[in-house]
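> based on what follows, work out the 3D shape:
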Amino acid sequence: MIAAPIRPARAGDVATIAALLTDAVAAEPVAEWLVPDPVERQHIFHALLAMEVDHAVEWGHVDVTLDMTAVAVWQQHPVAGAAPLSDYHLSTFTGRALPRFQQFHALVRRYRSGAPHHWLAWLHVLPEARRHGLGRALLAHHHQRVDHLGYPIDTVTTTGMVRDFLTRQGYHAGTPLRLHGGPQLWPLRRAGRPISLATLAG
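Numbering: from 1, shown residues only. Okay, here's the model as predicted:
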């Protein structure tokens, strides 16, 4: 594992991060189910991801490596004063694909806790930068931050490979979720780890 200088993303990074994530997600089975047409899929996901990353930069946490080869997008729940991303925002960009996006979001919302937690929305490392510990470094960076709050982290992954990676980093997989007529999703949780008073005093 190499040292991975990490910095918070800025507003000027949103377009680059959205493009990076769009390229990563476009070939995944869930994205193909959501938007079968490949050209339409690129346009829809780029618009949605730009909106989501911009929201997370302002209201959550977006961490990137200095060379922008790896990114983690985190949302906080709840966030006082933040306008939630809603069906209105979805309908602005998804057009005829809206019913499937609504089904996807409804399924994920049934899994998400209403209690305070952080949400791992996206974790991606460019293929040529993998096997150097960048994904683990991004997770550890945020784990240190969230452990001071004692909050759990929830996420839903669309691939077994990412599920297995996260379980090796201390996440526990729940019962799989399945989209109607679509692929399977895997919910995971990392339990909250409150820091004791003795630890703080030390």
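
> all helices of the protein, in order?
Using DSSP state H, the helices found in the chain span residues 14-25, 29-34, 38-59, 87-94, 98-111, 134-147, 160-168, 197-201.

> so who does L177 touch?
Contacts for L177 (Cβ atoms under 8 Å, 6 or more residues apart in numbering) come out as 107-108, 111, 156, 184-187. Where you see a C-beta, it was placed from the backbone N, CA and C, and this is true even at glycine.

> what would the residues you listed look like in TSV with pLDDT and distance to T175?
Formatted as TSV, the contacts of L177 follow (pLDDT from 0 to 100; distance: Cβ to Cβ, whole Å):
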residue	pLDDT	distance to T175
L107	90	12
V108	89	14
Y111	84	9
V156	95	12
Q184	93	11
L185	94	10
W186	95	9
P187	96	7
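
> including distance to H143, could those go into a markdown table?
Below are the contacts of L177 laid out as a markdown table (distance: Cβ to Cβ, whole Å):
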| residue | distance to H143 |
| --- | --- |
| L107 | 26 |
| V108 | 22 |
| Y111 | 21 |
| V156 | 18 |
| Q184 | 26 |
| L185 | 23 |
| W186 | 19 |
| P187 | 18 |
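
> filter those to the buried ones?
Taking 16 or more other Cβ atoms under 10 Å as the criterion, what is buried in the contacts of L177 is 107-108, 111, 156, 185-187.

> what's the burial count for the residue nearest to P38 when sequence neighbours are not counted?
What sits nearest to P38 in space, not counting adjacent residues and going by Cβ to Cβ, 6 or more residues apart in numbering, is A26, at 7.2 Å. When counting by other Cβ atoms under 10 Å, one arrives at 16 neighbours for A26.

> I'd say A26 and I44 touch.
No: here A26 does not reach I44: they are 9.8 Å apart, not a contact under Cβ atoms under 8 Å.
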